[in-house]
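Engineer: need a structure here:
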Amino acid sequence: MSFKVLSPGLMSTLQDFGRQGYQKEGVNNSGAMDIISLRLANMLVGNDEHEAALEITLAGPTLEFTADTLIAITGADLSPMIDGIGVKMNRPVAVVAGSVLKFGGCLKGCRAYLSMAGGYDVPMVMGSKSTYVRGSVGGYKGRALAKGDVLGSGQAGSYARHLLKNLLCKGARSFRAASWYVSLPHLSGKEMRHPIGILQGLQMGAFSDESLHDLLTKQFTITNASDRMGYRLEGPRLLLKEPLEMISEIAVLGTVQVPADGNPIILMADHQSIAGYPKIAQVIGADLPRLAQMRPGAKISFREVPLKEAEEQLLEMERYLSSLKITLKHKA
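Structural biologist: Numbering: from 1, shown residues only. Have a look, this model is predicted:
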């Protein structure tokens, strides 16, 4: 199973759980920005949750399938169509050889995930298929997709083969989507409007009382300078009580650091391995997938949550995914 890239879109890269355990050597983790959408996309086609999927940002590619293929599209709604017919998301879709998948306008979110049964047949680099474009590492030739690329898949499992056969047996000119679907709670309209939960950062106490008040009561805007490395925010300036000299410390996903200009930066999937700016806050793990779906221009606000609540939210998400995995075993 494979597809040919007719048009690459804005930014389409292969991403999985990332390159874990190499930051001490200065290697970025990378990985999917919205890890929940990635995991669900893989579950729907019978892949291991850690398998790579195509992360598609804002404007999607145009892809021609060269064999009958089982796929799933999760995350942002970028108006997917196969041979001009809208494709429903968050469910397995059997695509007929020769059919063309393309994307239209971005209706909700920022990043969609396209999984393919069997995963993507690209080399593992330091235990990951994730693409780090700035370093030309991993994924497909270390870069975003380009016109003319051909991506193949690995061996699909019995669940995927059975589901593909069952869907195509029901009749499909270009594709056949399953009648059932899964929900992505973190992308509901209500959830997307909630403030982003944060914990105290290592240097939170070094900021002025006014800045701490502004952080938790006022809105910030995600600027156009934002990318997979970090979200740059504009809003009230967050200032220190007095100048602070720091030795660079390890950087982690979701850290909110503040440069001298007072405009915070949230470190995202391609963040550097160390950082030297004061850290005012840390985004909780349960809210990172939702944050990843916010596009430039979006308004963002924060609320401080107790550590116990942050842990419970993460456990609740894992319980949902575990129960869903069990349910999906009986769908083929």
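Engineer: contacting residues for Leu164?
Structural biologist: Leu164 sits next to 68-70, 94, 117, 156 when contact means C-beta atoms under 8 Å, 6 or more residues apart in numbering. All C-beta spots, glycine's among them, are computed from the backbone N, C-alpha and C.
Engineer: Now with 7 Å, please.
Structural biologist: Counting by C-beta atoms under 7 Å, 6 or more residues apart in numbering, Leu164 touches 68, 70, 94, 117.
Engineer: quick one: which of those residues is most hemmed in?
Structural biologist: Ranked by neighbour count (other C-beta atoms under 10 Å), the contacts of Leu164 have Leu70 at the top, with 29 neighbours.
Engineer: Give me the buried positions along the one helix or strand that residue maps to.
Structural biologist: According to DSSP states H and E, Leu70 maps onto strand 69-77. Going by neighbour count (16 or more other C-beta atoms under 10 Å), the buried part of strand 69-77 is 69-77.
Engineer: Now tell me what touches stretch 221-236 from outside.
Structural biologist: Counting by C-beta under 7 Å, 6+ apart, 33, 214, 218-220, 263-271, 294, 296-300 sit against stretch 221-236.
Engineer: Tell me which of those fall in helices.
Structural biologist: The helices, defined by DSSP state H, take in Asp214 from these.
Engineer: Which residues does the top helix by length along the chain contact?
Structural biologist: Longest helix in the chain, counting residues (DSSP H): helix 307-328. Where contact means C-beta under 7 Å, 6+ apart, the residues beyond helix 307-328 that reach it are 36, 39, 43, 182, 197, 199, 284-286.
Engineer: 6 Å - rerun?
Structural biologist: With C-beta atoms under 6 Å, 6 or more residues apart in numbering as the test, helix 307-328 has contacts from 43, 284-286.
Engineer: Also stretch 69-89?
Structural biologist: Outside stretch 69-89, the residues that reach it (C-beta under 6 Å, 6+ apart) are 1, 34, 37, 40-41, 44-45, 60, 90, 92-95, 99-117, 160, 164, 174-175, 177, 293.
Engineer: how about the helices of the stretch 51-200 of the chain, start to end?
Structural biologist: Applying DSSP state H, counting those that start in this stretch to the stretch 51-200 of the chain gives helices spanning 158-169, 189-193.
Engineer: Can you list the buried residues in the first one?
Structural biologist: The neighbour-count criterion (16+ other C-beta under 10 Å) identifies 159-161, 163-164, 167-168 as the buried residues of helix 158-169.
Engineer: Turn those residues into JSON lines, including pLDDT and distance to Met317.
Structural biologist: Shown next, in JSON lines, are the buried residues of helix 158-169 (pLDDT from 0 to 100; distance: C-beta to C-beta, whole Å):
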{"residue": "Tyr159", "pLDDT": "92", "distance to Met317": "23"}
{"residue": "Ala160", "pLDDT": "94", "distance to Met317": "25"}
{"residue": "Arg161", "pLDDT": "94", "distance to Met317": "30"}
{"residue": "Leu163", "pLDDT": "94", "distance to Met317": "25"}
{"residue": "Leu164", "pLDDT": "94", "distance to Met317": "29"}
{"residue": "Leu167", "pLDDT": "93", "distance to Met317": "29"}
{"residue": "Leu168", "pLDDT": "92", "distance to Met317": "33"}
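Engineer: low pLDDT regions in the protein?
Structural biologist: 1, 189-191, 332 (pLDDT under 70).
Engineer: per-domain residue ranges of it.
Structural biologist: 2-182, 189-320 (automatic domain parsing).
Engineer: circling back to that earlier point, and the longest helix of the chain, which residues are buried?
Structural biologist: Residues of helix 307-328 classed as buried by neighbour count (16+ other C-beta under 10 Å): 310, 313, 317, 320, 328.
Engineer: Tyr113 and Leu44, how far apart?
Structural biologist: For Tyr113, the distance to Leu44 equals 10 Å [C-beta to C-beta, to the nearest Å].
Engineer: those strands in the stretch 1-150 of the chain, which residues are they?
Structural biologist: Secondary structure of the stretch 1-150 of the chain by DSSP state E, counting those that start in this stretch: the strands cover 2-7, 12-15, 53-57, 62-65, 69-77, 80-82, 85-86, 92-95, 100-103, 108-116, 150-152.
Engineer: Now tabulate those strands in JSON lines and tack on distance to Pro306.
Structural biologist: Output for these, formatted as JSON lines (distance: least, C-beta to C-beta, whole Å):
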{"stretch": "strand 2-7", "distance to Pro306": "46"}
{"stretch": "strand 12-15", "distance to Pro306": "31"}
{"stretch": "strand 53-57", "distance to Pro306": "32"}
{"stretch": "strand 62-65", "distance to Pro306": "45"}
{"stretch": "strand 69-77", "distance to Pro306": "29"}
{"stretch": "strand 80-82", "distance to Pro306": "40"}
{"stretch": "strand 85-86", "distance to Pro306": "43"}
{"stretch": "strand 92-95", "distance to Pro306": "39"}
{"stretch": "strand 100-103", "distance to Pro306": "40"}
{"stretch": "strand 108-116", "distance to Pro306": "28"}
{"stretch": "strand 150-152", "distance to Pro306": "44"}
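Engineer: thinking again about what came up before, which one of the buried residues of helix 158-169 is nearest Met124?
Structural biologist: Nearest to Met124 out of the buried residues of helix 158-169 is Ala160 (C-beta to C-beta; 20.7 Å).
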